[in-house]
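**Q** Following is a predicted model, sequence given first.
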Amino acid sequence: MREYVNDQLNDRERVEVAKLEYQELQLDQRITLSGGQYLGEVWQLSPVGFRAFAIADSLADPHEVTVLYRGSTMMPLDPDVWTSEWLDTNLPIGRALMSQHHHVPKQLVEASRWLSQLIKLAPRAKFYVYGHSLGSINAQYAIIMCHHPEQIANAWLYEGSNVYRLLDADERKQAVQFKGQIQQYIDPLDSLAIGYTDFSHVIGQLHYVDSLLKPRIIQHMWGGYRYDDHGSLRLRMPDDPLVQSCQNFTHDLLTSHPLQIPDDDSQTITNLRKLMAMAAELRESLIQ
C-alpha cells in the first residue's frame, strides 16, 4: 500500500506545513520540512483573488498533493489585498456571522473552483489541505463544494471562523460527508476565530487547543500552541470550563444579543472590533 507523507506527520509538523502558506513559494521550489521529510515541489499557484499553493510529490504525475490556503495579511497596505481579503471577504463573513444570514463571499467560491481544477489535473492523486485564518475559511468551503470529494484524504485547518453558519441547507448536507476528513483546531484564547457555539454545527471535527495566553496577534498565529514529547497538540476536552464558557459566550452573542448590522462598512468594522474586545476580555478573565 502506498504511503503518503502527510499521513506520517505529527501535529507539530503539520503546523509547520501550514505555516508554509505565509511564505512566497515559487513554482518548482522543492519543499523539505525541518525533520527531513520531503513534501514535494510547488506545482500550482492560485489565480489572482486569493493566495494558495499546491505542492505535488511529482510534477509530471502527482499522487500526493498538499494544498495550502493562506490567511489574511495582518497589515493590508496593498489596496488589492485590502479589497479582496478585507472589504470583499472578511467583512461580509463577519457581517453574515453576526446576522446569521446566508452569504458566501466570492473569494470562497473562487477557492472552491480552484481546488476542483487541481483535482481534475491530478485524477489519481490524494489531496491534503491546510489553511489558517482566512485560509481555513476558504479551505472549509472549497472542500465541501469540490467536485470529487473521494480524492480529499484529509484537511488540517487552524484558527478560522465557522463557515457552517454561512451555509444553506443543501450545503450543510454536503458538509456531512467530510466529517471524518476535516480537523479544525481552535485556540479558545484566540478572539479572532469566531462563530463556534457547539461541536455539531461545524464543518469537520472541532478541537480546542490547550494553549498559553499570548498577545492577540501572536495568539492567532499559533503562538499559544503546546505539544507533548511526541509532537501531539495538547487539547482541551469538550467539558473543559474554558471551552464551555467560550461556546456559551458565542451562542449568547449571536442569538440573544446580536450586534446591529449596518450597511456602512466603517460601522461594521467598529462593531466587529467590539466583538473582538468582548472575546478578549472573556479569555483573560477565564484564565485568571
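**A** Arrived safely, thanks for sending.

**Q** alpha carbons only for contacts and neighbour counts from here, please
**A** Will do.

**Q** Gly131 in helix, strand or coil?
**A** Under DSSP: H, G, I helix; E, B strand; the rest coil, Gly131 falls in the strand class.

**Q** Identify each buried residue in stretch 246-255, please.
**A** The neighbour-count criterion (16 or more other Cα atoms under 10 Å) identifies Cys246, Gln247, Phe249, Thr250, His251, Leu253, Leu254 as the buried residues of stretch 246-255.

**Q** Doesn't the first one belong to a helix?
**A** What that stands for is Cys246. Yes - under three-state DSSP, Cys246 sits within a helix.

**Q** ok, and the closest non-adjacent residue to it?
**A** Excluding the flanking residues, the one nearest Cys246 by Cα to Cα, 6 or more residues apart in numbering is Pro188, at 6.7 Å.

**Q** Need the per-residue pLDDT for that neighbour.
**A** The predicted structure scores Pro188 at 93 on the pLDDT scale.

**Q** so it makes contact with Asp240?
**A** No - contact criterion Cα atoms under 8 Å: Pro188 and Asp240 do not qualify, at 10.7 Å.

**Q** Compare these two (neighbour count), which wins?
**A** Pro188 (28 against 12; other Cα atoms under 10 Å).

**Q** Show the model's pLDDT score for the closest residue to Gln244 other than its chain neighbours.
**A** Distances taken as Cα to Cα, 6+ apart place Pro238 nearest to Gln244, at 7.2 Å, with adjacent residues excluded. Looking at Pro238, its pLDDT is 94.

**Q** Phi, psi for Lys106 please.
**A** Torsion angles at Lys106 (phi, psi; degrees, to the nearest 10) stand at phi -60, psi -40.

**Q** Use 15 as the first number for this chain going forward.
**A** In the new count, where the first residue is 15, that last one comes out as Lys120.

**Q** and it, how many residues sit next to it?
**A** Other residues near Lys120 come to 12 when the count uses other Cα under 10 Å.

**Q** And it, how far from Ser86?
**A** Taking Cα to Cα, to the nearest Å as the measure, Lys120 falls 15 Å from Ser86.

**Q** can you pull out the helices in the stretch 65-214 of the chain?
**A** 93-95, 105-113, 120-135, 148-159, 183-190 (DSSP state H, counting those that start in this stretch).

**Q** ok, the residue nearest to Asp25 when sequence neighbours are not counted - contacts?
**A** In space, and not counting its chain neighbours, Asp25 is closest to Ser246: 5.0 Å by Cα to Cα, 6+ apart. Shown in contact with Ser246 (Cα atoms under 8 Å, 6 or more residues apart in numbering): Asn24, Asp25, Arg26.
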